[in-house]
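[1] Quick one: sequence and predicted model below, then my questions.
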Amino acid sequence: MLGPSFFARPPLVCARDLIGLDLVWGPCHGRIVETEAYSAIGDEACHTFSRKSTRDFLKRHTPGTAYVYLNYGMHWLFNVLVKGGGGDQDGFVLFRALEPTAGLARMRRRRGNATDRALCAGPGRLTQALGIDERVHGRDLCGSGTHGIVESKSPKPAVLADLRIGITRSAELPWRFLAADSPFVSVRATARAQKL
DNA sequence: TTCCAGATCTTA
DNA sequence: AAGATCTGGAAC
């Protein structure tokens, strides 16, 4: 299980390094194939830009804490707090897509029997498949043996950096990270995606 | 492939 | 009162 030191690094580094690792959520497991970085400094799309409550959350919690919120009134979105040091390297990583590897029957039940490819392809679908909601907000992802992130046996995939999805502010930043060639991402890489 | 409703929270 | 890190279904 990854410890707090993994999350004591800047959002861009964490978001990139999470690609290819395994998210373990009770009996449900999945390989992380898509993330986005959000920075507390210089990023108007980060909740810290407009929300005092999020700035307070960042101050009061340790790296590796889950940050979960409701979007568009109906989708839970699952992030992890990262603190790269000094306050100017802090932020969040949003989990956007998984390649499901275990507990697929359970995920299908929660997802209305979606196809395997659509089970966790998208931040709202991912939380629905895993049963993540407000109860997970503030939970330490480094503190249990059953809910967190582990190294994967399979080799690290090639990683691409592309524009983030669905945002209007700071939309030009290439802070979405994807496993190249994975069919389990929510939106495939565009022509301007950069190899890392 | 494109469009749009749906439902709730936070902030201004 | 406005806008939001989205999804599924319907219309083309």
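    In hand now; what should we look at?
[2] what does chain A have sitting close to DNA strand B?
    By CB under 7 Å from any atom of the strand, the part of chain A that sits against DNA strand B consists of A:50-54, A:70, A:72-74. The way it works is simple: take the backbone N, C-alpha and C, and place the C-beta from them, glycine included.
[3] Which members of those residues are the farthest-apart pair?
    A:52 and A:74 (24.0 Å; CB to CB).
[4] Residue A:37 in helix, strand or coil?
    strand (DSSP: H, G, I helix; E, B strand; the rest coil).
[5] Quickly list what it is bridged to.
    Applying DSSP bridges to residue A:37 gives these bridge partners: residue A:93.
[6] give me every residue that touches it.
    Going by CB atoms under 8 Å, 6 or more residues apart in numbering, residue A:37 touches A:11-12, A:14-16, A:91-93, A:175, A:177.
[7] Per-residue pLDDT of it, please?
    The model reports residue A:37 with a pLDDT of 95.
[8] and the gap between residue A:125 and residue A:111?
    7 Å (CB to CB, to the nearest Å).
[9] again with residue A:34
    Residue A:34 sits 17 Å away from residue A:111, going by CB to CB.
[10] More neighbours: those two, which one.
    When neighbours are counted by other CB atoms under 10 Å, residue A:34 and residue A:111 differ, and residue A:34 comes out ahead with 31 against 19.
[11] so who does that one touch?
    By CB under 8 Å, 6+ apart, the neighbours of residue A:34 are A:19, A:95-97, A:176-179, A:182, A:184-186.
[12] Put the alpha carbons of the helix or strand containing it into CSV.
    Following DSSP states H and E, one finds residue A:34 within strand A:28-39. Taking Å, rounded to 0.1, in the frame of the first residue of the first chain, the C-alpha atoms of strand A:28-39 are listed here in CSV:
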residue,chain,number,x,y,z
CYS,A,28,-12.9,-4.2,-6.2
HIS,A,29,-9.6,-3.5,-7.9
GLY,A,30,-8.6,-1.6,-11.0
ARG,A,31,-5.6,-0.4,-12.8
ILE,A,32,-5.4,3.4,-12.8
VAL,A,33,-5.4,4.5,-16.5
GLU,A,34,-6.4,8.2,-16.3
THR,A,35,-5.9,11.0,-13.7
GLU,A,36,-5.9,14.8,-13.6
ALA,A,37,-3.7,17.1,-11.5
TYR,A,38,-5.1,20.2,-9.8
SER,A,39,-2.8,22.7,-8.2
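[13] Much appreciated, bye for now.
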